[in-house]
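Undergrad: My questions are about this predicted structure, shown below with the sequence.
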Amino acid sequence: MNRQVAIIGAGVSGLTCGIVFAERGYSVKVSAEKVGTETTSGAAGALWFPYDAEPAGKVIPWALATYKVLADLAKDRNCGVSMIELRQYCRTGKIELPGWASRFVIPDAAFVSSSRAEKSPGISAAFSDGFAVRVPLTDTTIYLDYLIDRFQKAGGEIESGVRLEKLEDVRPNFDLVINCAGIGARELARDPDLEPHRGQVTIVPRVARTDCAIVCDDDPLMYVIPRTNDCVFGGTNDVSDDWSPDPKTTDSILAECSRVLEIEPPRVLRARVGLRPFRKSGVRLEKQKLGDGRTVIHNYGHGGSGFTLSWGCASEVLALAS
Ligand SMILES: Cc1cc2nc3c(=O)[nH]c(=O)nc-3n(C[C@H](O)[C@H](O)[C@H](O)COP(=O)(O)OP(=O)(O)OC[C@H]3O[C@@H](n4cnc5c(N)ncnc54)[C@H](O)[C@@H]3O)c2cc1C
(Lines give C-alpha, C1' and ligand atoms only; values in the text may rest on other atoms or scores of the structure.)
Protein backbone atom coordinates (compact mmCIF):
# COMPACT_ATOMS: atom_id res chain seq x y z
CA MET A 1 0.00 0.00 0.00
CA ASN A 2 1.28 3.47 -0.86
CA ARG A 3 -1.92 5.41 -1.00
CA GLN A 4 -1.35 9.11 -1.66
CA VAL A 5 -3.25 11.17 0.89
CA ALA A 6 -3.69 14.96 0.76
CA ILE A 7 -4.76 16.68 3.98
CA ILE A 8 -6.03 20.24 3.85
CA GLY A 9 -5.34 22.09 7.10
CA ALA A 10 -2.42 22.17 9.53
CA GLY A 11 -4.23 22.89 12.80
CA VAL A 12 -4.66 20.21 15.45
CA SER A 13 -7.12 18.17 13.30
CA GLY A 14 -4.99 18.06 10.14
CA LEU A 15 -1.71 17.39 11.97
CA THR A 16 -3.20 14.62 14.12
CA CYS A 17 -4.74 12.95 11.05
CA GLY A 18 -1.39 13.36 9.31
CA ILE A 19 0.38 11.43 12.07
CA VAL A 20 -2.23 8.66 12.19
CA PHE A 21 -1.94 8.07 8.42
CA ALA A 22 1.83 8.60 8.02
CA GLU A 23 2.65 6.26 10.92
CA ARG A 24 0.63 3.54 9.15
CA GLY A 25 2.62 3.78 5.93
CA TYR A 26 0.47 6.15 3.86
CA SER A 27 2.24 8.77 1.80
CA VAL A 28 0.83 12.02 3.22
CA LYS A 29 1.08 15.69 2.30
CA VAL A 30 -0.53 18.42 4.40
CA SER A 31 -1.33 21.65 2.54
CA ALA A 32 -2.49 24.72 4.42
CA GLU A 33 -2.61 28.46 4.33
CA LYS A 34 -1.37 28.66 7.93
CA VAL A 35 0.48 26.06 10.01
CA GLY A 36 0.47 25.06 13.70
CA THR A 37 0.67 27.98 16.10
CA GLU A 38 -0.55 30.46 13.43
CA THR A 39 -3.96 28.75 13.21
CA THR A 40 -7.04 28.86 15.45
CA SER A 41 -5.50 25.83 17.16
CA GLY A 42 -2.60 28.07 18.18
CA ALA A 43 -4.97 30.45 20.00
CA ALA A 44 -6.69 27.75 22.04
CA GLY A 45 -6.48 27.22 25.79
CA ALA A 46 -6.43 23.57 24.76
CA LEU A 47 -7.72 21.86 27.88
CA TRP A 48 -9.41 18.51 27.45
CA PHE A 49 -13.08 19.34 28.00
CA PRO A 50 -16.07 18.75 25.69
CA TYR A 51 -17.43 22.27 24.97
CA ASP A 52 -19.34 23.96 22.15
CA ALA A 53 -19.47 20.89 19.87
CA GLU A 54 -22.32 18.59 18.83
CA PRO A 55 -23.76 15.96 18.88
CA ALA A 56 -23.03 14.61 22.37
CA GLY A 57 -23.63 11.01 21.26
CA LYS A 58 -20.53 11.18 19.02
CA VAL A 59 -18.54 13.89 20.76
CA ILE A 60 -18.25 12.10 24.09
CA PRO A 61 -16.83 8.81 22.71
CA TRP A 62 -14.32 10.79 20.55
CA ALA A 63 -13.40 12.87 23.60
CA LEU A 64 -12.84 9.83 25.80
CA ALA A 65 -10.69 8.14 23.14
CA THR A 66 -8.62 11.35 22.93
CA TYR A 67 -8.33 11.55 26.73
CA LYS A 68 -6.57 8.18 26.77
CA VAL A 69 -4.05 9.14 24.07
CA LEU A 70 -3.29 12.53 25.66
CA ALA A 71 -2.96 11.01 29.16
CA ASP A 72 -0.40 8.63 27.67
CA LEU A 73 1.47 11.48 25.93
CA ALA A 74 1.59 13.32 29.26
CA LYS A 75 4.13 10.70 30.41
CA ASP A 76 6.59 12.19 27.89
CA ARG A 77 7.79 15.53 29.25
CA ASN A 78 8.77 16.87 25.81
CA CYS A 79 5.50 16.91 23.89
CA GLY A 80 3.70 19.71 25.74
CA VAL A 81 0.97 17.58 27.30
CA SER A 82 0.47 17.44 31.05
CA MET A 83 -2.27 16.42 33.45
CA ILE A 84 -3.83 19.30 35.35
CA GLU A 85 -6.62 19.81 37.85
CA LEU A 86 -9.42 21.71 36.12
CA ARG A 87 -11.72 23.57 38.50
CA GLN A 88 -15.03 24.47 36.92
CA TYR A 89 -17.16 27.06 38.73
CA CYS A 90 -20.47 28.90 38.54
CA ARG A 91 -21.19 32.39 39.89
CA THR A 92 -24.61 31.67 41.40
CA GLY A 93 -26.42 28.58 42.66
CA LYS A 94 -25.09 25.03 42.36
CA ILE A 95 -23.07 23.67 39.47
CA GLU A 96 -24.20 20.54 37.65
CA LEU A 97 -21.73 17.82 36.80
CA PRO A 98 -21.61 17.31 33.03
CA GLY A 99 -23.65 14.33 31.83
CA TRP A 100 -20.57 12.41 30.70
CA ALA A 101 -19.08 12.58 34.19
CA SER A 102 -21.63 10.20 35.62
CA ARG A 103 -22.02 7.99 32.54
CA PHE A 104 -18.36 7.29 31.82
CA VAL A 105 -15.40 6.36 33.94
CA ILE A 106 -12.21 8.20 33.07
CA PRO A 107 -9.17 6.54 34.61
CA ASP A 108 -7.31 8.97 36.85
CA ALA A 109 -9.91 11.70 36.46
CA ALA A 110 -11.67 11.39 39.83
CA PHE A 111 -14.24 14.11 40.36
CA VAL A 112 -13.74 15.85 43.67
CA SER A 113 -16.47 17.48 45.67
CA SER A 114 -17.46 21.09 45.17
CA SER A 115 -16.13 21.93 48.64
CA ARG A 116 -12.57 21.12 47.55
CA ALA A 117 -12.97 23.25 44.44
CA GLU A 118 -14.29 26.08 46.61
CA LYS A 119 -11.19 26.02 48.79
CA SER A 120 -8.91 27.43 46.07
CA PRO A 121 -7.04 30.41 47.54
CA GLY A 122 -8.50 33.78 46.71
CA ILE A 123 -11.34 32.62 44.53
CA SER A 124 -13.99 31.44 46.96
CA ALA A 125 -15.64 34.89 46.97
CA ALA A 126 -16.12 34.98 43.20
CA PHE A 127 -18.04 31.72 42.82
CA SER A 128 -20.88 29.89 44.50
CA ASP A 129 -20.05 26.29 43.58
CA GLY A 130 -17.66 24.16 41.53
CA PHE A 131 -16.18 20.78 40.81
CA ALA A 132 -12.71 19.59 39.90
CA VAL A 133 -11.52 16.99 37.44
CA ARG A 134 -8.08 15.86 36.33
CA VAL A 135 -7.68 16.39 32.58
CA PRO A 136 -4.96 16.62 29.93
CA LEU A 137 -3.75 20.11 29.03
CA THR A 138 -1.90 20.64 25.77
CA ASP A 139 0.42 23.63 25.80
CA THR A 140 -0.10 24.74 22.20
CA THR A 141 3.26 26.56 22.11
CA ILE A 142 4.94 23.14 22.43
CA TYR A 143 2.34 20.56 21.37
CA LEU A 144 1.67 21.85 17.84
CA ASP A 145 5.41 21.81 17.07
CA TYR A 146 5.56 18.30 18.56
CA LEU A 147 2.79 17.18 16.17
CA ILE A 148 4.62 18.74 13.18
CA ASP A 149 7.88 17.07 14.17
CA ARG A 150 6.27 13.65 14.74
CA PHE A 151 4.43 13.90 11.40
CA GLN A 152 7.59 14.79 9.50
CA LYS A 153 9.59 12.03 11.23
CA ALA A 154 6.95 9.58 9.96
CA GLY A 155 7.68 10.78 6.41
CA GLY A 156 4.90 13.38 6.11
CA GLU A 157 5.34 16.57 4.08
CA ILE A 158 3.93 20.03 4.86
CA GLU A 159 3.28 22.75 2.29
CA SER A 160 2.36 26.11 3.86
CA GLY A 161 0.99 29.36 2.41
CA VAL A 162 -1.37 27.49 0.08
CA ARG A 163 -4.97 28.63 -0.14
CA LEU A 164 -7.29 26.26 -2.02
CA GLU A 165 -10.50 27.61 -3.54
CA LYS A 166 -12.20 24.21 -3.82
CA LEU A 167 -11.51 20.59 -2.83
CA GLU A 168 -11.01 19.51 -6.46
CA ASP A 169 -7.96 21.84 -6.61
CA VAL A 170 -5.94 19.14 -4.78
CA ARG A 171 -3.47 17.70 -7.34
CA PRO A 172 -4.75 14.61 -9.18
CA ASN A 173 -1.93 12.33 -7.92
CA PHE A 174 -3.68 12.24 -4.52
CA ASP A 175 -6.44 9.64 -4.50
CA LEU A 176 -7.75 10.52 -1.03
CA VAL A 177 -8.41 14.04 0.27
CA ILE A 178 -8.98 14.76 3.97
CA ASN A 179 -10.63 18.07 4.72
CA CYS A 180 -9.45 19.49 8.07
CA ALA A 181 -9.91 23.16 7.16
CA GLY A 182 -11.68 24.26 10.37
CA ILE A 183 -13.76 27.40 9.73
CA GLY A 184 -12.18 27.53 6.24
CA ALA A 185 -14.44 24.59 5.28
CA ARG A 186 -17.31 27.09 5.07
CA GLU A 187 -15.97 28.22 1.69
CA LEU A 188 -13.93 25.16 0.75
CA ALA A 189 -16.81 22.69 1.20
CA ARG A 190 -19.50 25.34 0.69
CA ASP A 191 -20.98 24.55 4.11
CA PRO A 192 -23.28 27.31 5.43
CA ASP A 193 -23.80 25.33 8.64
CA LEU A 194 -20.42 26.46 9.96
CA GLU A 195 -20.44 29.40 12.35
CA PRO A 196 -17.28 31.20 13.58
CA HIS A 197 -17.37 31.23 17.40
CA ARG A 198 -14.68 33.84 17.90
CA GLY A 199 -12.51 33.50 20.98
CA GLN A 200 -10.01 36.06 22.26
CA VAL A 201 -7.40 35.30 24.91
CA THR A 202 -4.72 37.30 26.70
CA ILE A 203 -1.33 35.70 27.31
CA VAL A 204 0.39 36.85 30.52
CA PRO A 205 3.47 35.68 32.45
CA ARG A 206 2.94 32.68 34.75
CA VAL A 207 0.81 33.74 37.71
CA ALA A 208 2.23 32.38 40.96
CA ARG A 209 -1.25 32.19 42.49
CA THR A 210 -2.49 29.12 40.65
CA ASP A 211 -1.22 25.78 39.43
CA CYS A 212 -4.65 24.49 38.43
CA ALA A 213 -6.89 25.59 35.56
CA ILE A 214 -9.90 27.72 36.57
CA VAL A 215 -12.94 27.95 34.30
CA CYS A 216 -16.32 29.66 34.66
CA ASP A 217 -18.77 29.35 31.75
CA ASP A 218 -21.27 31.86 33.20
CA ASP A 219 -21.30 35.28 31.60
CA PRO A 220 -18.67 36.73 31.45
CA LEU A 221 -16.84 33.56 30.36
CA MET A 222 -13.51 33.45 32.23
CA TYR A 223 -10.62 31.06 32.45
CA VAL A 224 -7.08 30.93 33.71
CA ILE A 225 -4.80 28.23 32.30
CA PRO A 226 -1.22 28.04 33.56
CA ARG A 227 1.16 26.64 30.92
CA THR A 228 4.87 25.77 30.92
CA ASN A 229 6.19 29.28 30.30
CA ASP A 230 3.12 31.57 30.50
CA CYS A 231 -0.53 31.69 31.43
CA VAL A 232 -3.68 32.00 29.28
CA PHE A 233 -6.37 34.40 30.52
CA GLY A 234 -9.71 34.09 28.71
CA GLY A 235 -11.99 34.63 27.19
CA THR A 236 -14.85 35.28 24.81
CA ASN A 237 -17.26 33.32 22.60
CA ASP A 238 -19.17 35.47 20.06
CA VAL A 239 -20.31 34.85 16.51
CA SER A 240 -17.82 36.89 14.48
CA ASP A 241 -15.28 36.55 11.67
CA ASP A 242 -12.96 39.21 13.10
CA TRP A 243 -9.42 37.85 13.53
CA SER A 244 -7.97 40.98 15.12
CA PRO A 245 -7.70 41.25 18.92
CA ASP A 246 -9.83 44.01 20.42
CA PRO A 247 -7.86 46.07 23.03
CA LYS A 248 -11.02 46.71 25.11
CA THR A 249 -11.63 42.96 25.31
CA THR A 250 -8.01 42.43 26.38
CA ASP A 251 -8.60 44.90 29.24
CA SER A 252 -11.83 43.26 30.37
CA ILE A 253 -10.32 39.73 30.28
CA LEU A 254 -7.37 40.99 32.31
CA ALA A 255 -9.65 42.73 34.82
CA GLU A 256 -11.99 39.76 35.37
CA CYS A 257 -9.23 37.13 35.70
CA SER A 258 -7.25 39.35 38.07
CA ARG A 259 -10.38 40.06 40.13
CA VAL A 260 -11.06 36.33 40.48
CA LEU A 261 -7.45 35.56 41.41
CA GLU A 262 -7.25 38.63 43.69
CA ILE A 263 -4.03 39.86 42.08
CA GLU A 264 -2.86 43.05 40.37
CA PRO A 265 -3.43 42.78 36.59
CA PRO A 266 -0.25 41.24 35.15
CA ARG A 267 1.68 42.50 32.12
CA VAL A 268 0.19 41.49 28.75
CA LEU A 269 2.54 39.40 26.62
CA ARG A 270 0.17 38.89 23.71
CA ALA A 271 -3.48 38.90 22.67
CA ARG A 272 -4.73 36.13 20.36
CA VAL A 273 -7.90 35.41 18.45
CA GLY A 274 -9.16 32.16 16.98
CA LEU A 275 -12.41 31.19 15.23
CA ARG A 276 -13.86 28.05 16.79
CA PRO A 277 -15.36 26.09 13.87
CA PHE A 278 -18.82 25.45 15.31
CA ARG A 279 -21.15 23.47 13.05
CA LYS A 280 -24.87 23.78 13.81
CA SER A 281 -25.67 20.25 12.62
CA GLY A 282 -22.67 18.73 14.43
CA VAL A 283 -19.06 17.79 13.69
CA ARG A 284 -18.77 16.66 10.06
CA LEU A 285 -16.87 13.39 9.88
CA GLU A 286 -17.97 11.55 6.75
CA LYS A 287 -16.98 10.43 3.25
CA GLN A 288 -18.13 12.16 0.08
CA LYS A 289 -17.39 11.72 -3.63
CA LEU A 290 -15.85 14.74 -5.32
CA GLY A 291 -17.00 15.87 -8.79
CA ASP A 292 -13.87 14.22 -10.28
CA GLY A 293 -14.63 10.82 -8.70
CA ARG A 294 -12.07 11.01 -5.89
CA THR A 295 -13.01 10.53 -2.25
CA VAL A 296 -12.90 13.25 0.38
CA ILE A 297 -13.25 12.57 4.09
CA HIS A 298 -14.46 15.64 5.94
CA ASN A 299 -13.18 16.18 9.48
CA TYR A 300 -14.19 19.66 10.62
CA GLY A 301 -16.68 21.55 12.78
CA HIS A 302 -15.16 20.67 16.18
CA GLY A 303 -16.22 24.03 17.71
CA GLY A 304 -14.61 24.58 21.11
CA SER A 305 -13.33 20.98 21.33
CA GLY A 306 -10.79 20.50 18.54
CA PHE A 307 -8.05 19.30 20.90
CA THR A 308 -10.50 17.29 23.01
CA LEU A 309 -11.69 15.33 19.95
CA SER A 310 -8.49 15.23 17.89
CA TRP A 311 -7.25 11.64 18.36
CA GLY A 312 -10.72 10.08 18.51
CA CYS A 313 -11.71 11.79 15.25
CA ALA A 314 -8.40 11.01 13.52
CA SER A 315 -8.77 7.29 14.20
CA GLU A 316 -12.33 7.37 12.84
CA VAL A 317 -11.05 9.09 9.69
CA LEU A 318 -8.50 6.27 9.32
CA ALA A 319 -11.25 3.66 9.79
CA LEU A 320 -13.34 5.35 7.07
CA ALA A 321 -10.33 5.40 4.72
CA SER A 322 -9.51 1.76 5.20
C1 LIG B 1 -9.87 31.01 22.46
C2 LIG B 1 -10.07 29.57 22.15
C3 LIG B 1 -9.97 28.62 23.16
C4 LIG B 1 -10.14 27.27 22.87
N5 LIG B 1 -9.99 26.36 23.88
C6 LIG B 1 -10.10 25.03 23.60
C7 LIG B 1 -9.88 24.07 24.62
O8 LIG B 1 -9.61 24.41 25.78
N9 LIG B 1 -9.98 22.76 24.29
C10 LIG B 1 -10.28 22.34 23.02
O11 LIG B 1 -10.36 21.13 22.78
N12 LIG B 1 -10.49 23.25 22.03
C13 LIG B 1 -10.41 24.57 22.30
N14 LIG B 1 -10.65 25.50 21.32
C15 LIG B 1 -11.15 25.04 20.01
C16 LIG B 1 -10.04 24.57 19.12
O17 LIG B 1 -9.04 25.54 19.05
C18 LIG B 1 -10.60 24.27 17.72
O19 LIG B 1 -11.65 23.36 17.79
C20 LIG B 1 -9.48 23.67 16.88
O21 LIG B 1 -8.39 24.55 16.83
C22 LIG B 1 -9.93 23.34 15.47
O23 LIG B 1 -8.81 22.77 14.86
P24 LIG B 1 -8.77 22.50 13.31
O25 LIG B 1 -7.44 21.89 13.04
O26 LIG B 1 -9.98 21.73 12.93
O27 LIG B 1 -8.89 23.94 12.63
P28 LIG B 1 -7.84 25.15 12.63
O29 LIG B 1 -6.93 25.13 13.77
O30 LIG B 1 -8.65 26.37 12.38
O31 LIG B 1 -6.97 24.85 11.34
C32 LIG B 1 -7.54 24.97 10.05
C33 LIG B 1 -6.44 24.79 9.03
O34 LIG B 1 -7.01 24.79 7.72
C35 LIG B 1 -6.32 25.73 6.90
N36 LIG B 1 -7.24 26.21 5.89
C37 LIG B 1 -8.50 26.67 6.05
N38 LIG B 1 -9.05 26.96 4.86
C39 LIG B 1 -8.11 26.69 3.92
C40 LIG B 1 -8.06 26.78 2.51
N41 LIG B 1 -9.11 27.21 1.79
N42 LIG B 1 -6.92 26.42 1.85
C43 LIG B 1 -5.84 25.97 2.54
N44 LIG B 1 -5.83 25.87 3.90
C45 LIG B 1 -6.95 26.21 4.57
C46 LIG B 1 -5.87 26.80 7.89
O47 LIG B 1 -4.83 27.59 7.35
C48 LIG B 1 -5.40 25.89 9.03
O49 LIG B 1 -4.14 25.34 8.73
C50 LIG B 1 -10.46 26.86 21.56
C51 LIG B 1 -10.55 27.80 20.55
C52 LIG B 1 -10.36 29.15 20.82
C53 LIG B 1 -10.44 30.14 19.71
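TA: Arrived safely.

Undergrad: secondary structure class for the closest residue to Ser305 other than its chain neighbours?
TA: Among residues not flanking Ser305 along the chain, Ala53 sits closest, at 4.0 Å (Cβ to Cβ, 6 or more residues apart in numbering). (Each C-beta comes from the backbone N, C-alpha and C, glycine too.) Per DSSP: H, G, I helix; E, B strand; the rest coil, the secondary structure class of Ala53 is coil.

Undergrad: I'd like the distance between Ala53 and the ligand.
TA: Distance, Ala53 to the ligand, by Cβ to the nearest ligand atom, to the nearest Å: 7 Å.

Undergrad: neighbours of that residue, just the number please.
TA: Neighbour count for Ala53, taken as other Cβ atoms under 10 Å: 25.

Undergrad: how about it, phi and psi?
TA: Main-chain dihedrals, Ala53, degrees, to the nearest 10: phi -150, psi 140.

Undergrad: Over to Arg272?
TA: phi -130, psi 150.

Undergrad: Ramachandran angles for the closest residue to it other than its chain neighbours?
TA: Spatial nearest neighbour of Arg272, chain neighbours left out: Ala43 (4.1 Å); criterion: Cβ to Cβ, 6+ apart. Note on Ala43: its backbone torsions stand at phi -100, psi -10 [degrees, to the nearest 10].

Undergrad: switch to numbering from 13
TA: Noted, 13 is the first residue going forward, which turns the last one into Ala55.

Undergrad: Ala55 touches Ala283, doesn't it?
TA: No - taking contacts as Cβ atoms under 8 Å, Ala55 lies outside contact range of Ala283: 9.6 Å.

Undergrad: the more surrounded of the two?
TA: Shown here are Ala55 and Ala283; by other Cβ under 10 Å, Ala55 has more neighbours (27 against 19).

Undergrad: how many other residues sit next to the residue in the stretch 163-312 of the chain positioned nearest to the ligand?
TA: Using Cβ to the nearest ligand atom, the closest approach of the stretch 163-312 of the chain to the ligand is made by Gly196 at 2.0 Å. When counting by other Cβ under 10 Å, one arrives at 24 neighbours for Gly196.

Undergrad: mind listing what it touches?
TA: 21, 45 (Cβ atoms under 8 Å, 6 or more residues apart in numbering).

Undergrad: Can you classify it by secondary structure?
TA: Gly196 ends up helix, using three-state DSSP.

Undergrad: in stretch 264-276, what's buried?
TA: 265-266, 268-270, 272-273 (16 or more other Cβ atoms under 10 Å).

Undergrad: In helices, which of the residues you listed fall?
TA: Judged by DSSP state H, the buried residues of stretch 264-276 include 265-266, 268-270, 272-273 as members of helices.

Undergrad: what about Ile160, distance to Leu176?
TA: Ile160 sits 20 Å away from Leu176, going by Cβ to Cβ, to the nearest Å.

Undergrad: likewise Lys301?
TA: 18 Å.
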